[in-house]
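In: Give me coordinates for this.
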Amino acid sequence: MATYSVVADGAVRKFDFDGSTPFVDPATGQSDMHDWLYNAKYLQYYEISNAGISPWISKVTEADGTQATRFQVFPSDAQIYNWRTQNSNFPFEPYKTYRYDLEFKLDPNWQFNMATGDGLLWQTKGMPKTGQYGHAVMSMGVTGSNLYFSVLYPNSALNATTWPTSVTWPSNDYAATNFPTKPIVAGRYYKVSIEFFADDRPPQFGGQGYVNVYLDGALWIQYKGPNLHPDQNGPHRWDFGWYNWGGQPTSTRSIYFKTAHAYVK
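Out: You can find the predicted model right below:
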């Protein structure tokens, strides 16, 4: 598989966001990241510099000499769609086979027992229309001391009788899934590979969607079905970082990524 790239806003944008990769692409003089969201502020790709935006997003050197990108959310941060520090990628194309590799660790001082501490570290988001609840269609995060993965595809689309179709859905009407969680610890790196064919169509209309998730090389999740939201206002994108959807954190949430890299077949 090859590193995924798209042409957007007049430049080639490579989906290589590894810790060793500068924030600014020297070939274009701009970031390949679409935007950063931190402390209720947005920083667009043409505003991002190699210095990062300390203390929210920065490069750090690990004890073994490798580099990682650190994302931090603070209790004192301003709120926008809950507390979050995230990188948003440029939109990607449907109906292709992808692999998104992540190597991440939670800070050694991570508090797993924080009542408002649940959140996500990676997600696939569409552009919902009025009447379509804006959940991520795919996401991976931490609840308590467990790593979880979810696919939220609306029943109203899964049970459609014509396609394409106009569809709406509330916040709690998604096709049932039963994915296992995995216990994790703070202070060590985990490698995750998310392999999928990006498809918004249900099987009865030719949908070929699937997701296989590998954790430290072992198969963790297998899913067959649509993995993009249908009938959107625009294309989907990937985000990574930390989104503390559990509420206001009571201490700093720090997460490190050595690898954040999308490939296409």
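
In: doesn't Ser76 make contact with Pro55?
Out: No: with contact defined as Cβ atoms under 8 Å, Pro55 and Ser76 do not form a contacting pair (11.1 Å). From N, CA and C alone the C-beta is placed, and that goes for glycine too.

In: These two: which has the busier surroundings?
Out: Counted by other Cβ atoms under 10 Å, Pro55 and Ser76 do not tie: Pro55 has more neighbours, with 14 against 9.

In: Helix, strand, or coil at that one?
Out: Classification of Pro55 by DSSP: H, G, I helix; E, B strand; the rest coil places it in coil.

In: For Gly247, which non-adjacent residue is spatially closest?
Out: Thr116 (3.4 Å; Cβ to Cβ, 6 or more residues apart in numbering).

In: The one you found looks like it's in a strand, true?
Out: No: going by three-state DSSP, the assignment for Thr116 is coil, not a strand.

In: Please tell me the pLDDT value assigned to it.
Out: Thr116 is assigned a pLDDT of 96 by the prediction.

In: Give me the packing partners of the strand ranked longest in the chain, helices and strands only.
Out: Taking DSSP state E as the assignment, the strand of the chain that covers the most residues is strand 253-264. Applying 3 or more Cβ pairs under 8 Å, 6 or more residues apart in numbering; DSSP states H and E, we find strand 253-264 packed against strand 2-3, strand 67-73, strand 97-106, strand 237-244.

In: one more time with 6 Å
Out: strand 67-73, strand 97-106, strand 237-244 (3 or more Cβ pairs under 6 Å, 6 or more residues apart in numbering; DSSP states H and E).

In: right, so of those, which gets closest to Met140?
Out: With Cβ to Cβ, the closest approach to Met140 among those belongs to strand 97-106: 7.8 Å.

In: The helix or strand following that closest one vs strand 97-106, what angle?
Out: Note on strand 97-106: by DSSP states H and E, the next helix or strand toward the C-terminus is strand 119-125. Counting by axes from the mean of the first three to the mean of the last three Cα atoms, to 10 degrees, strand 119-125 lies at 160 degrees to strand 97-106.

In: what packs against strand 119-125?
Out: strand 138-143, strand 237-244.

In: among those strands, which is the most enclosed?
Out: strand 237-244 (a mean of 24; mean count of other Cβ atoms under 10 Å).
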